[in-house]
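Visitor: sharing a model that was predicted from the sequence below.
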Amino acid sequence: MDWTAITVETSNEAVEAVSYILTDLGSTGVKIDDAADFAKLKPGKYGLYGEIVDPATLPHRKEGAAVTGYFPPKVFVPELVDEIQQRVNQLSLFDLDPAPARVTSATIDNQEWATAWQKYYHPVRVTSHLTVVPEWEEYQPTHPHEQLLVLDPGMAFGTGTHPTTQLMLQALEIVIMGGESMIDVGTGSGVLAIAAKLLGAGDVAGYDVDHVAVESAKKNVALNPAAKEVQLGVNSLLDGIHTPKDVIVANILAEIILPLIPQAFENLRPGGNFLTSGIIKDKFEQVRDAEQQQGFIIDETLRMKDWYGIIAHKPAEDE
């Protein structure tokens, strides 16, 4: 039986939230066609036969974004479309502009579902040391210290190209000195957990509430031998975890970061770093203030477009 692709046309700033809505309602994968991401592409092997093509000459979205979720045959599409439309419309209550907020559906066969998004995903240099490379692309490092983070995001959200992910990759590059223990909360495709290992972290674990994401992360870990010791599992935030770590990182929506803050404080050693992203501009002060009220010290804030990241730490014993 055919699967159903439900597409939400929205603004650049609402991409993360719409992706969450689709996965929360049962999508086994998302594809993001974001005009902002396309603008970053440089000439590369985008031709049908691997020839170098200027991406500006390729058909692409000129503004806004379209987020497509893929749903198995068992879903009742009319009811699901209505629920998605309602939740997308409600994003305005959280100071996110979802316009045009247009929701459509179409049937799609399994093969098209598995490969449709690949044409939008190419190597991206995200920090001075990290380049995210899709598994199916050939890429040669251009810098002696460049680390390649190989991904096949498959059915999980997190390709390394969205501003929130890039902010966390930059934050990891700032705080990882070597040997740190770390937990990646809401690991998705595993990109942050893998990046931490490439940067020299020690004991790294990644958790996600979605078992599909965990399976995708396991496949990506296998593509990166340096990250083979990353431990992955299904878990809701840090529920039931009481093991002090050096770093906790979370690239999730602000509304989900808020209940994580006290859990992170409990699970960090004195002096440990708490890295958060997925914070839209209008939610930044709320998250920052909540972290400070918990006892965290804010060390640095990062920004890309309308998205923020926060580097904070739990006070050391002598602070």
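Guide: Ah, there it is.
Visitor: so where do the strands sit in the stretch 101-250 of the chain?
Guide: 102-108, 124-125, 130-134, 147-151, 182-185, 204-208, 231-234, 245-251 (DSSP state E, counting those that start in this stretch).
Visitor: so what's the residue count around the closest residue to Leu151 other than its chain neighbours?
Guide: Leaving aside its sequence neighbours, Leu151 sits nearest to Asn220 (Cβ to Cβ, 6 or more residues apart in numbering; 5.3 Å). (Glycine included, C-beta is placed from N, CA and C.) Using other Cβ atoms under 10 Å, Asn220 is surrounded by 27 other residues.
Visitor: for Asn220, what are its contacts?
Guide: 150-153, 189-191, 194 (Cβ atoms under 8 Å, 6 or more residues apart in numbering).
Visitor: re the thing from before, so of the strands of the stretch 101-250 of the chain, which one's packed in deepest?
Guide: strand 182-185 (a mean of 27; mean count of other Cβ atoms under 10 Å).
Visitor: who touches that one?
Guide: Here strand 182-185 has contacts from 190, 192-193, 196, 201-207, 237-238, 241, 245-250, 252, 260, 264, 267, using Cβ under 8 Å, 6+ apart.
Visitor: coming back round to it: turn the contacts of Asn220 into JSON lines, including distance to Leu302 and pLDDT.
Guide: As requested, the contacts of Asn220 are exported to JSON lines (distance: Cβ to Cβ, whole Å; pLDDT from 0 to 100):
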{"residue": "Val150", "distance to Leu302": "25", "pLDDT": "92"}
{"residue": "Leu151", "distance to Leu302": "22", "pLDDT": "88"}
{"residue": "Asp152", "distance to Leu302": "27", "pLDDT": "81"}
{"residue": "Pro153", "distance to Leu302": "23", "pLDDT": "60"}
{"residue": "Ser189", "distance to Leu302": "21", "pLDDT": "86"}
{"residue": "Gly190", "distance to Leu302": "21", "pLDDT": "92"}
{"residue": "Val191", "distance to Leu302": "17", "pLDDT": "93"}
{"residue": "Ile194", "distance to Leu302": "20", "pLDDT": "96"}
